[in-house]
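# attaching a predicted model along with its sequence, questions to come.
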Amino acid sequence: MMKILFTVLLTLVALPILLILGIWLRMRRRFPKRSPGEPERRLKPREWRDDEVTVGWVGHSTVLINLYGLRILTDPVLGPKIGVQLGPWQIGPMRHTAPALRLEDLDRVDLILLSHAHMDHFDLPTLRKLAGPRTRVITAKKTSRLLRHMPFGEVVELHGEESVTLTDLGVRVQAVPVRHWGNRFPWNTDYGYTGYLIEKNGVRLFYPGDTAYTPEFVKLRRRGKIDLAFMPIGAYSPDSFQRNHCTPEQAWAMFLDTGARWLMPIHYDTFVLSQEPVKEPLKRLLAAAGKEEDRIVTRKQGDVFRFGRADDKSAQREAEREAPVFSNTEKPVSSKR
C-alpha cells in the first residue's frame, strides 16, 4: 500500500515539477547570458522622510514605498534565486543584479502586496524572512494558503474590483483586473492574479504586478488622478510571451491610458526570463516616450523617486504641483548618454 501511495505521489507532484524544469532548461538555451553583479546604489529607507512619498526600485517587481510613513513592499524577492524549493535548495533562475535592498537596512514593513503566485513575484523564502505580527499582506484570491504557516498579522485576499481600507494605517487598496495568469504549478488553476490601486492622503499609486496589454486601464481615470504607475516592461520575447506580458511600447500606452503623471518601469533587467536582451526593454520604453521620457522616473535598481511633501501646498491634487524631487545621493542615472 505504501509503495502504491509513493508512486501516486511521485506521479502527481515530482514528475510535473521535473517536466517544468525540463521545459525551462530547454528554453534557457535561447536566453541571453548575464554575469551576476551588484547594483550601483542601495536603498536607505531608514533615512527616508515620513512627510512625503518615497519609492525605490529594489529589482524586478519589488518596489519599496514609503507612503507618508506607511512602508509598503510589492512582490518581495530579495534572494539570489527564484524557483522551486526542494528542501534547503531552491532550483531556478539566478538574478544577475543583486537586490538594491538588504534586509538589515529595512527597519519595518507595514504592508506587503502580492499580485500573483508566480515564483518571481511570490517568493516564499523572502516572505518567511519578512513575516511578523505587525506586517499585513494583501494578496490575490486563493493564494493566502501559501502563507498559512507564516506569522503575518493579517492576510486579505482581493479579487475583481474588491477593496479594503486599513483604517489604522490610513490606506485604501483596491484590486484592479489585469491580463495575466496565476498558476504556480499546473494544478493551481484556481489561483488568482491582480493589480492594485493604493490611496493614502489623496495620493494614488497603481501597481499592476504583471500584465499583457489591456485597454481596460483607461477605466482607472474614473477613480481619480493617479500620481505614479509601476509598469512591467520585460519578458515579451518570443512573441508568444505577449499573451501574458506587455512590450515596452504597450506599457507606455497603458501608462498613458491610466492618466498617471509618472511611470516607474519594473519587471526587467533582474532575472533572465525571456529572450530579449536584458537592456532592451528600457531602451524601447524611452524611445516610446520620446520627448516625455522625463516622466519615467527610474533607470536602475536602487534609484529613488520622491514627491508630495505634506507641508507643501503644491503637493496636493492641484495641477500646479511642483516637479518631482530626487535625492542628491540617489538620483537616477540620466538616459541621455
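Yep, that arrived.
# now the residue most central in space within the chain: phi and psi?
Centroid-nearest residue in the chain: Ser61, 2.7 Å away (criterion: CA atoms, centre = their mean). Dihedral pair for Ser61: phi -100, psi 10, per degrees, to the nearest 10.
# spit out the contact partners of it.
Neighbour list for Ser61: Thr74, Asp75, Val77, Ser115, Asp120, His121, Gly209, Asp210, Phe230, Pro232, Ile266, His267 [criterion: CB atoms under 8 Å, 6 or more residues apart in numbering]. Yep, even glycine has a C-beta here, placed from its N, CA and C like the rest.
# from those, list just the buried residues.
Thr74, Asp75, Val77, Ser115, Asp120, His121, Gly209, Asp210, Phe230, Pro232, Ile266, His267 (16 or more other CB atoms under 10 Å).
# apart from its chain neighbours, what residue comes closest to His121?
Closest residue in space to His121, ignoring its immediate chain neighbours: Asp75 at 4.1 Å, by CB to CB, 6 or more residues apart in numbering.
# meant to ask about Phe271, not that
In space, and not counting its chain neighbours, Phe271 is closest to Pro93: 4.9 Å by CB to CB, 6+ apart.
# test my guess that that neighbour contacts Thr270.
No - proximity of Pro93 to Thr270 does not meet the contact threshold set by CB atoms under 8 Å, at 9.6 Å.
# helices along the stretch 1-150 of the chain, start to end?
2-9, 15-28, 124-130 (DSSP state H, counting those that start in this stretch).
# from the contact counts, what lies against whichever strand or helix holds Ala287?
Element membership for Ala287 (DSSP states H and E) is helix 280-289. Helix 280-289 sits against helix 248-258, strand 262-266, with contacts defined as 3 or more CB pairs under 8 Å, 6 or more residues apart in numbering; DSSP states H and E.
# mind listing residues that contact the shortest one?
In this structure, residues lying in contact with strand 262-266 by CB under 8 Å, 6+ apart are 55, 57, 60-61, 63, 227-233, 248, 251-252, 255, 281-282, 285, 295-298, 305, 307, 324.
# just the mean pLDDT for stretch 80-94, thanks.
If you average the pLDDT over stretch 80-94, you get 84.
# quick one: buried residues of that stretch?
Across stretch 80-94, burial judged by 16+ other CB under 10 Å covers Lys81, Ile82, Gly83, Val84, Gln90, Gly92, Pro93.
# now for those residues: which two are most distant?
Using CB to CB, the buried residues of stretch 80-94 span at most 11.1 Å, a distance reached by Val84 and Pro93.
# for the nearest residue to Pro208 once chain neighbours are set aside, give me its contacts.
Among residues not flanking Pro208 along the chain, Gly195 sits closest, at 3.6 Å (CB to CB, 6+ apart). For Gly195, the contact set (CB under 8 Å, 6+ apart) comprises Ser115, Ala175, Val176, Pro177, Val178, Phe206, Tyr207, Pro208, Gly209, Thr211.
# show me what contacts the second one?
Ala175 sits next to Leu158, His159, Gly160, Glu161, Glu162, Ser163, Thr194, Gly195, Tyr196 when contact means CB under 8 Å, 6+ apart.
# SS state for it?
strand (DSSP: H, G, I helix; E, B strand; the rest coil).
# and it, how close does it get to Ile138?
Remark: distance between Ala175 and Ile138 (CB to CB, to the nearest Å) = 9 Å.
# can you list residues touching both of the two?
Taking CB under 8 Å, 6+ apart as the contact criterion, the common neighbours of Ala175 and Ile138 are Leu158, Tyr196.
# what's the first-to-last distance across stretch 61-70?
In stretch 61-70, first residue to last residue: 19 Å (CA to CA, to the nearest Å).
# now stretch 73-88
For stretch 73-88, the first-to-last residue distance is 25 Å (CA to CA).
# show me how far that stretch is from its chain's centre.
In terms of CA atoms, centre = their mean, to the nearest Å, the centre of stretch 73-88 is set 13 Å apart from its chain centre.
# please apply the same query to stretch 97-117.
10 Å.
# and for stretch 150-162?
Distance, centroid of stretch 150-162 to centroid of chain: 16 Å (CA atoms, centre = their mean).
# and it, what's buried?
By neighbour count with 16+ other CB under 10 Å, stretch 150-162 contains the buried residues Met150, Phe152, Val155, Glu157, Leu158.
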